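**Q** Sequence and predicted model, in that order:
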Amino acid sequence: METLKTAVETRDDLLAVEMKNISKVYPNGIAANRNVDFSVRFGEIHALIGENGAGKSSLMKILFGLEQPTEGEIFINGEAVKLASPSQAIAHGIGMVHQHFMLVPTLTVAENMVLGMPPKKGIIIDYKKAVDMTAEIAKRYGFNVDPEARVMDIPVGMKQKVEILKALLRGAKILILDEPTAVLTSKETVELFRQLRLLRDEGFTIVFISHRLNEIKELTDRMTIMRGGRSMGVYETKGITEQQISQRMVGRDVILTVEKDKSQPGDVILEVRDLSYINEWDKRMLDRVSFNLRAGEILGIAGVEGNGQRELVDILFNLREPEGGAVYVNGHEITGLTQRRIRDLGVSLIPEDRMVFGIAGDAGIADNIIADRFDKKAYNRGPIFNMKSIHEETDRLIREYRIVSRDRNQKVGMLSGGNIQKVVVAREFSSDPILIIADQPTRGIDVGATEFIRARLVELSRAGAAVLLVSADLNEVMEMSDRLIIFYGGHIAASFDDTTTLTDELMGEYMLGLRTQASEPKEEKTHV
Amino acid sequence: MYKRRMLGFSLIRGLAAILLALAVAAVFIFLATDEPFHALQQLLIGPVVSFGEDGASFNVQSFYQILAAMIPTIFTALGVCVMFSANQFNLGGEGGAMAGGFVAALVAIYLPMAAGLHPVVSVLIGAVAAGLITLIPGVLKVSVGASEMVSSLMLNYVVMYVVLHFLNYEFADRSKGATQTHAFLPTAKIAQMVRGGSRLTYGFIAAIAVALLIGIFMYRTRWGYQIRMIGINQNFATYSGMKVTSVILLSQFMGGLLAGTGGAIEVLGRYNTFLWKELPGFGWTGITIAILARNNPVAVPFAAFFIAYLNKGCLLMNTNSDIPSEMISIIQASIFLFFAAEQFLAGLRQRIVVKNARDELAQAQAAAAASEEG
């Protein structure tokens, strides 16, 4: 990584916000922030950027009094403060606009504006005054909103303006905007940016949370980049390129290579035929998807999230019903079978959301390990559990999978993310599966656990298991897969039998829908 | 290290809850009476100590009465443990206890049997009837998604009026002034364990034994295991291949079975005839006990003792001082509050968790360093 001068605070800088050495450890032991320093000057638009899970939200929740830091100090306008609740943060002039609007849809704009602090005439709420107050503050800052419209009837962009005005009405001088453009059209975004600049010129201080690099380049003065709960530095927006931001944000500087022998494909294990799925909002998430997977090979499924991968996996494990099509494992149709039957056919699943499906967080490691095999003969003596064999099996897997834990009865929810995933993997890999569906198997876990799980997957595939690897991690899916499919819009946009010649640029174009193999004159698959 | 810290924390938390609850009670007592210390004495040590002319002495009969009062509530609490462990808030134990008592009474009156067999069969039939009743909210939940809490709550009153109907119109002993059934056959009575009027029957032994058995069932069998896993994370249970629907139904049936057993043993042990004309209240007390015991069957007898002791103390306070018996509701409510509130002393818990997380990290790093060297 090239060296880059970080923006240095000088003594003359007036700081609107200064957060020093903030750490946040959640009750489940997850550290969301680790010794983060964050500061914002008066009258600047400051970007806070990072991938999902980098710790931005948690840092801002602390600043808005929604969460308490485990460690660290906060200064507002140079004065040390304790922010035990949002009302205290508001009293210190901090306002936050959440990604999901906190408005009552059935009330009018004016009613929402004065919620919790209504102007009164005697004991009756003075609605007329609320309307006047709203109109006045909207006019003052050049926001175009109709005070008497119901919130449910106004467009998203205007709802956001109402949220900003609400904060201003409560005396906010420092505005935190959490991914404000995620819900806006490009026209609304332009409008928002214009207004944010006006607010800045009026002396307001703005913290802008985002992961869209072009917007950050366009709007902000400085930025703090976060990765893995730490601050990766503070930079002047003018002095840094998008590539440099991306390197600090995504951290591809850790290059993972996976060593593997060439695959020796055997019989077809998984056969997916014309699978279709339409979701509850009538969107077609899978459109007649077909592919095969053979024993001994790793088939990667790449794609931007939300292009049908999740629906595919859910259908494979009967957690959703397909609209059409069928799935066969070893020639048996499995569509509609119970999870017990699917597992009995030798299918394992590492679920995408390990906390929702993969574990029972309040139960111990042993209880989590035996979830798919508790009724097998080896673990029972008549009606009673054979605790000795359960303990032996658990201890063996804890050792083999290097699960860092106090003992076999430690609650899985208290383990670190990597060790939670190792518990899931230990269970799913140790049932002699013929087909392993690995959905985002290494998402959000530490490098050590990631490497371990990847190596295990390769090992199992080389020993004859069929592996279906669904991953949003480009590095992972390109390095691991023997063959690769790219999903876009519920279709297979591309399919490659040789992954060694693939480039990131090409992958990106398929994943973003700029190219599809079907629309190309040349059929790449014919050489097989 | 960790275990000691957490155990210490649990103990402090439990103790603090009891002390706070008693402090609240003390405030009310000081407000309500001119002789608060006498009243407190009655409440706290009155249940087991009698004050005669020759000083204080251990009151054995009173102690037996406390144990006797625990019998039905241990069973209903065990039922709640099983049902709540599956994350099903079925409150049908109350109706289950009444129905169990009534059905067992009918068997005890109308089906002659040998002495040893009669009470056992009566209790079992009563228990099964109660199990079928608590199964209803479970079936409604898994088939049409109806809230088991609401349907079981309403069901209790349906059960009560059905029982009253049969009691009044079909099985009443017309020769008696009060509404009651004919007397149980002598063979059906559950024998007393001790002499005197304490009504401490062998049902107490059964209650303790069943508490242990349910402990084994929940923590050492594949069915109890599935109930617990479904209660913790139903998605996980489904994904792992468990038969979620059947296990939920099993847990609701067992809950009623236990509640019905409690009602039946109470009826056959304490009375000669069935004469309940309203819900007996054991189901509600069972919920309190199960929450105090944190759904752990083995802890249920201890929690049941605590509640029975408290009830007795309040009763004595009511008799021997000028404080009304409603006081017990205040005390129970405050204990309930302090125990059930998850966030109670959350700050302390958070600090412990953070400390443990740090220790663990340090340990892991040390282990990693050691393995690199080795």
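**A** Received the coordinates, thanks.
**Q** And residue A:336, how close does it get to residue A:315?
**A** Applying Cβ to Cβ, to the nearest Å, the value for residue A:336 to residue A:315 is 10 Å. C-beta: built from backbone N, CA, C; applies to glycine.
**Q** what residues are shared contacts of those two?
**A** Residues touching both residue A:336 and residue A:315 (Cβ atoms under 8 Å, 6 or more residues apart in numbering or on different chains) are residue A:321.
**Q** between the two, who's got more neighbours?
**A** residue A:315 (25 against 13; other Cβ atoms under 10 Å in any protein chain shown).
**Q** That one reaches residue A:321, doesn't it?
**A** Yes. Between residue A:315 and residue A:321 a contact is recorded at 7.4 Å, counting by Cβ atoms under 8 Å.
**Q** doesn't residue B:107 make contact with residue B:187?
**A** No. The criterion here is Cβ under 8 Å, and residue B:187 misses it with residue B:107 at 11.0 Å.
**Q** hey, what's in contact with both of the two?
**A** Common neighbours of residue B:187 and residue B:107 (Cβ under 8 Å, 6+ apart) are residue B:118.
**Q** how about the helix or strand containing residue B:229, does it get close to chain A?
**A** Assessed by DSSP states H and E, residue B:229 sits inside helix B:222-232. Yes. Counting by Cβ under 8 Å from any Cβ of the partner chain, chain A has neighbours in helix B:222-232: B:222, B:225-226, B:228-229, B:232.
**Q** Around residue B:13, how many other residues sit close by?
**A** Residue B:13: 16 neighbours (other Cβ under 10 Å).
**Q** any idea how far it is from chain A?
**A** Per Cβ to the nearest Cβ, to the nearest Å, residue B:13 is found 15 Å from chain A.
**Q** which bits of the stretch 201-350 of chain A sit near chain B?
**A** A:317, A:319, A:338-340, A:342-343, A:349.
**Q** Let me see the contact set for the residue of chain A positioned farthest from its centre.
**A** Centroid-distance maximum for chain A: residue A:122 at 49.1 Å, with Cα atoms, centre = their mean. Residues counted as contacts of residue A:122 (Cβ under 8 Å, 6+ apart): none.
**Q** Scan chain B for its longest helix.
**A** Counting by DSSP state H, the longest helix found in chain B is helix B:2-32.
**Q** Flag every buried residue along it.
**A** For helix B:2-32, burial by neighbour count (16 or more other Cβ atoms under 10 Å in any protein chain shown) applies to B:13, B:17-18, B:21-22, B:24-26, B:28-29, B:32.
**Q** Going along the chain from it, find the next helix or strand for me.
**A** helix B:36-44.
**Q** which element follows that following helix toward the C-terminus?
**A** Taking DSSP H and E, what comes next after helix B:36-44 is strand B:49-52.
**Q** Please spell out the ChimeraX selection for the buried subset of the residues of the stretch 201-350 of chain A next to chain B.
**A** Typed into ChimeraX, the line below selects the buried ones among these, using 16+ other Cβ under 10 Å:
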select /A:317,319,339,342,343,349
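**Q** pLDDT added to the residues of the stretch 201-350 of chain A next to chain B, as a markdown table?
**A** Listed next are these as a markdown table, based on pLDDT from 0 to 100:
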| residue | pLDDT |
| --- | --- |
| A:317 | 94 |
| A:319 | 92 |
| A:338 | 93 |
| A:339 | 95 |
| A:340 | 94 |
| A:342 | 95 |
| A:343 | 95 |
| A:349 | 96 |
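**Q** what pLDDT does residue A:52 get?
**A** pLDDT, residue A:52: 62.
**Q** And for residue A:333?
**A** 93.
**Q** wouldn't it be in contact with residue A:326 here?
**A** Yes. Contact criterion Cβ under 8 Å: residue A:333 and residue A:326 qualify, at 5.6 Å.
**Q** Give me the more crowded residue out of these two.
**A** Neighbour count, other Cβ under 10 Å: between residue A:333 and residue A:326, residue A:326 has more, with 15 against 12.
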